[in-house]
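Participant: A structural model of the following input is requested.
(one chain, ligands or ions: 2)
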Amino acid sequence: MREKWWHRLVGYQIYPKSFQDSNSDGIGDIPGIIRRLDLLQELGVNMLWLCPVYKSPMMDHGYDISDYTKIDPMFGSREDLKRLIREANERGMTVLMDLVINHTSDQHPWFQEARKDPEGKYGKYYVIRKGSKDTPPNNWRSLFGGSAWERMGESDYYYLHLFTVGQPDLNWENEELREELYRMVNDWLELGIGGFRIDAISHIKKDFSYRNLPADGPDGLHAGMRWFRNVEGIETFLNELKQRTFQKYDCFTLAEVDDIPEDRLNAYIGEDGYYCSVFDFCHCFHNQQDGVWKGRWKEMLADIRDRVFARQAEMEGKGFFCNYQENHDMIRVPDRFLPKEKQNFYSLSMLPVLYFYLAGIPMLYQGQEIGMTGYPRERIEEYADLATYNNYQGYLLDGMSEKEALDKINATSRENARTPMQWSSEAFGGFSDVEPWFPIHPDYEVCNVEAQRMPGSLREFFRKVVALRRNGTYEDTWIYGSFCPREQESRQLWGFERRREGQRLAVLVNFSDEPAVTAKPWNIRKVLLDNYEARETAARGEGCGVVVLQPWQALVLELELDHELHSFK
Ligand code: GLC
Ligand code: CA
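Facilitator: Ligands and ions are numbered 1, 2, ... in the order given. Reported below is the predicted structural model:
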């Protein structure tokens, strides 16, 4: 595999609205991010992904862009962004921007023009179809609930919005539009960013070869995914996008694409793929508070292990997934993976070890390093997110009581991960000196960065996890080594090896609250990381080489080379 600069990235996702306020308006901003760069450097990451900071009416918190060329004044200025890029670079970090090109805001001047003349130049920038007074062009359901079509005034025209009603989908079939987008992408790359996280890109091609499908819910609509996700022919657009923009800058591209069939992985993220990497979403619907996994956290973690390992095998030698546990679109991982009463230093510290040493690019989300969690709201009005609100309405429509619907929202809403970052025990957690746009979690007084800048804390453990991932003695094995699952018969162990000529590294985690013993001997040469080390004596290999693990114990190991491995290529 050809080596690339971005193979060495360890990412940190920033949700700017909730990261750090610098001008006392209760909203996070770019100067605020700059103020916290030293702490990010201390954590050890070398790539920052910023969720959108472009001009936006914020109907979807910035994923609805009304001017691609400007920074929203709420976040600062272009100069601020330039300074952020420079200061991040000086600290060895590269900055990724979010690229949202499946849709714009309905406040974008293109769409304003389209409204005036749906058949005109800008009408052709969007997906506009004719329906009739009460009947949209078809019964697709928006990914955020309700019909995916919105009528344009009193006319027969409807525009498509796969997301909120304020996010009309762009018409990628139109070459003129594509050219505008490529110019815009290149302009940002000229500024010196390291690349992009690419939003909702699997939806840019639509298949209109039918009108209505059988309803799959009480709303009479149909979740038409296969008609607007990874639709055949999308490859042409993706190739063109890459060739006209990213490739010229050798930038890093990380795309939001799920359900890529195994036989297309190579086309997507192989050496000459459309993108450098895509997120491995294989666990994103696993939530021990909800749905099929409710109350079955142990089985769920075993299931996640099996899925993640299968994805690793599929990807072996082909390219790089981006591995993560949290982002701005799902609840915090402690709540998703573990019941409240099982959340403690040991269980929380084993979580990053599960994924940081897999093949791929590891990513953290702000606040994950201090173990931030969601906190349940008492009224639906306390949420600000439109998608959350739509889901709530959907649950009521499905027959749930208000209490049941709210419980489900508290257990699942993505907004649980968007509370302000907890920096200190000062008022408003050091995030702002005024009331934040979204209430901070009341546990900030104990759970905050300042309190955790000391030995034995969760954040210190995360620092070690990152440092070991980037340690020059082992890094090439983490990046290029083969992946070999181990202890797969166990329902409580997460074990695998990464092998490269002359080196055998391994991860062995007990993801349960009961002690565990390995089935096979593990020939440990050296313990590189142990979440029990700082507090108690670690469990070690016993005489015969099997390993006894404490509840939640997470070990990263260097193993003895065996005969077979001396000849391993
Ligand atoms: C992506 C983003 C999400 C956003 C949506 C629409 O899924 O991660 O936050 O709402 O796209 O842009
Ligand atoms: Ca601010």
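Participant: domain ranges for this protein, per the record?
Facilitator: According to the domain assignment given by automatic domain parsing, the chain is divided into the following structural domains: 5-104+174-381+419-466, 109-160, 382-418, 481-559.
Participant: how about those domains in TSV, adding distance to residue 472, mean neighbour count and mean pLDDT?
Facilitator: Just so you know, the C-beta spots here come from the backbone N, C-alpha and C atoms, and that holds for glycine as well. Formatted as TSV, the entries for these read as follows, by distance: least, C-beta to C-beta, whole Å; neighbours: other C-beta atoms under 10 Å; pLDDT from 0 to 100:
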stretch	distance to residue 472	mean neighbour count	mean pLDDT
domain 5-104+174-381+419-466	10	19	97
domain 109-160	43	18	96
domain 382-418	33	18	95
domain 481-559	12	18	90
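Participant: residue of this protein nearest ligand 1, please.
Facilitator: Of the residues in the chain, the one nearest ligand 1 is residue 63, at a distance of 3.3 Å by C-beta to the nearest ligand atom.
Participant: and the longest helix along the chain, what does it pack onto?
Facilitator: For the chain, the helix reaching the highest residue count under DSSP state H is reported as helix 297-315. Packed against helix 297-315, as judged by 3 or more C-beta pairs under 8 Å, 6 or more residues apart in numbering; DSSP states H and E, are the following elements: helix 265-269, strand 320-323, helix 333-337, helix 345-356, strand 482-486, strand 493-500.
Participant: who's in contact with the residue of the chain closest to ligand 1?
Facilitator: When the contact criterion is C-beta atoms under 8 Å, 6 or more residues apart in numbering, the partners of residue 63 are 51-52, 56, 98, 100, 163, 167, 199.
Participant: at 6 Å instead, please
Facilitator: Contact analysis of residue 63 by C-beta atoms under 6 Å, 6 or more residues apart in numbering lists 52, 100.
Participant: so it, which of the three states?
Facilitator: For residue 63, the reduced secondary structure class is coil; criterion used: DSSP: H, G, I helix; E, B strand; the rest coil.
Participant: could you do the one 5 residues further on as well?
Facilitator: Counting by three-state DSSP, the backbone at residue 68 sits in strand.
Participant: the one 5 residues further on too?
Facilitator: Reducing the assignment to helix, strand or coil with three-state DSSP, the entry for residue 73 is coil.
Participant: near ligand 1, which residues of the stretch 101-250 of the chain show up?
Facilitator: For the stretch 101-250 of the chain, the residues in contact with ligand 1 under the definition C-beta under 6 Å from any ligand atom are 163, 199-200.
Participant: from those residues, which is closest to residue 36?
Facilitator: Ranked by distance to residue 36 (C-beta to C-beta), those are led by residue 199 at 23.9 Å.
Participant: ok, for the closest one, nearest residue in space, not its chain neighbours?
Facilitator: If you skip the residues right next to it in sequence, residue 199 has residue 100 as its closest partner in space, 4.4 Å away by C-beta to C-beta, 6 or more residues apart in numbering.
Participant: and the one you found, what does it touch?
Facilitator: For residue 100, the contacting residues are 52, 63, 65, 199, taking C-beta under 6 Å, 6+ apart as the criterion.
Participant: on that earlier part again, which residues are contacting the longest helix of the chain?
Facilitator: Helix 297-315 is contacted from outside by 262, 280, 282-283, 286, 288, 293, 321, 338, 358-359, 483, 485, 491, 494, 511-512, using C-beta under 6 Å, 6+ apart.
Participant: recalculate using a threshold of 8 Å.
Facilitator: 262, 265, 269, 280, 282-283, 286, 288, 293, 321, 323, 337-339, 342, 354-355, 358-360, 483, 485, 488, 491-492, 494, 496, 511-512.
Participant: could the domains of the chain be laid out in CSV, adding distance to residue 474?
Facilitator: CSV is the format used below for these (distance: least, C-beta to C-beta, whole Å):
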stretch, distance to residue 474
domain 5-104+174-381+419-466, 9
domain 109-160, 40
domain 382-418, 31
domain 481-559, 6
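Participant: turn the ones you listed into TSV, columns for distance to ligand 2.
Facilitator: Below are the domains of the chain laid out as TSV (distance: least, C-beta to the ion, whole Å):
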stretch	distance to ligand 2
domain 5-104+174-381+419-466	4
domain 109-160	26
domain 382-418	15
domain 481-559	36
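Participant: for the chain, which residues are neighbours of ligand 1?
Facilitator: Counting by C-beta under 6 Å from any ligand atom, the residues of the chain that sit close to ligand 1 are 60, 63, 100, 163, 199-200, 256, 328-329.
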